[in-house]
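**Q** Fold the following.
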Amino acid sequence: MPETSTTPTDPAAWWGRRPLAAGQHGRWSIGPLDLWLLHGDQEWQLVLERPRDSADATLAIDVPCNDAFPESAKDRLRFAGSPVGTEPELRVALADRAMVSRPQDPFYVPSQGEVTLYLSTPAWVQLYLGPARVQEFPVYTPSDTWFGASTVNGELCYATRTQARLDLADVPERPHRVVTPLTIANKADDALFLERVNLPVPRLPVYADEHHRLWTPAVRMEREEDRDMAEMKIDSGPPAVAAGARRIAEPRQAGGRHLMVRAFTALFQ
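**A** Next comes the predicted model:
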């Protein structure tokens, strides 16, 4: 398994380890999220605020920060008992459930046709104090959805809208979104109406390229005669377009790079 790097070589990346002395606090602004972290005398305090739209592309790191810490925030988490000398670290993760992407403009993939889409999904942030992971949360909270033919046959997923871009140049660069090049090959005899696609992101690692854009490996889904099922193949490294990419997060779920997934339809609404 490739070594995972969690400390960026360039301090402009929002993930990695940054020192905060007692009495200092920091603020990480990542897209819609403002993350505040205070190092108190005997505890750490965490405040999360989301003052911007989920499509926002803000990236600002102010550690230590001179602006006042939001002491009166309603949702404030406290962590006590960390060893002296503990340094906070932010790590990148993908969602803990599959992500169902619904194109704003659905389209057909004809029989024996093949198309590559660029899907982006929201990142999760993991907070470590020293070696201990103390909290994780999405940069913004996607809505829940059920993907399956019935309440019994299916799974609880997250839902996201996508433009289903066919050209990478048309995909906006946002610090909190992870891009997956997804190739869909329709080997069935009938056309595939692509109105939603189920991407099992817990099985994907995360890479960061030399410009700090976040990626998963390229994924290929091949649909045979069963209109729901597809063979999913995950590349072993970052996409070729991710120049200088290094692996910064492992998959949440193991299970190899080849699997069968229910990918394309969800009859139960």
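**Q** mind checking how far the most centrally placed residue in the chain is from residue 137?
**A** The centroid of the chain falls nearest to residue 123 when counting by C-alpha atoms, centre = their mean (2.8 Å). Counting by C-beta to C-beta, to the nearest Å, the gap from residue 123 to residue 137 is 10 Å. Using the backbone N, CA and C atoms, a C-beta is placed for each residue, glycine as well.
**Q** circling back to that earlier point, give the burial count for the closest residue to the residue nearest to the centre of the chain other than its chain neighbours, as a bare number.
**A** Setting aside the residues directly before and after it, residue 123 is nearest to residue 176 in space (C-beta to C-beta, 6 or more residues apart in numbering), at 5.0 Å. Look at residue 176: counted by other C-beta atoms under 10 Å, it has 26 neighbours.
**Q** Return the residues in contact with residue 176.
**A** Contact partners of residue 176, counting by C-beta atoms under 8 Å, 6 or more residues apart in numbering, are 30-33, 122-123, 139-140.
**Q** out of those residues, which one sits closest to residue 90?
**A** residue 30 (8.7 Å; C-beta to C-beta).
**Q** buried residues in the least confident helix or strand in the chain by mean pLDDT?
**A** The helix or strand of the chain with the poorest confidence is strand 258-262; it has a mean of 84 (mean pLDDT, DSSP states H and E). By 16 or more other C-beta atoms under 10 Å, the buried positions in strand 258-262 come out as 261-262.
**Q** residue ranges of the helices in the stretch 51-200 of the chain, please?
**A** Assigned by DSSP state H, counting those that start in this stretch, the stretch 51-200 of the chain shows no helices.
**Q** Show me where the stretch 51-200 of the chain has its strands.
**A** With DSSP state E, counting those that start in this stretch as the criterion, the stretch 51-200 of the chain has strands at 59-62, 76-80, 88-93, 99-103, 107-109, 114-122, 124-129, 132-138, 143-148, 154-162, 177-186, 192-194, 197-199.
**Q** Residue 40 is nearest to which of these?
**A** Nearest of the strands of the stretch 51-200 of the chain to residue 40, taken as C-beta to C-beta: strand 76-80 at 8.5 Å.
**Q** Go ahead and name everything in contact with that closest one.
**A** Outside strand 76-80, the residues touching it (C-beta under 8 Å, 6+ apart) are 42-47, 129, 134-135.
**Q** Separate out the buried members of those.
**A** Here, 16+ other C-beta under 10 Å leaves 44-47, 129 buried among those.
**Q** What about those, which are in helices?
**A** Judged by DSSP state H, helices contain none of the buried ones among the contacts of strand 76-80.
**Q** Pull the most distant pair out of those residues.
**A** 47 and 129, at 15.3 Å, using C-beta to C-beta across the buried ones among the contacts of strand 76-80.
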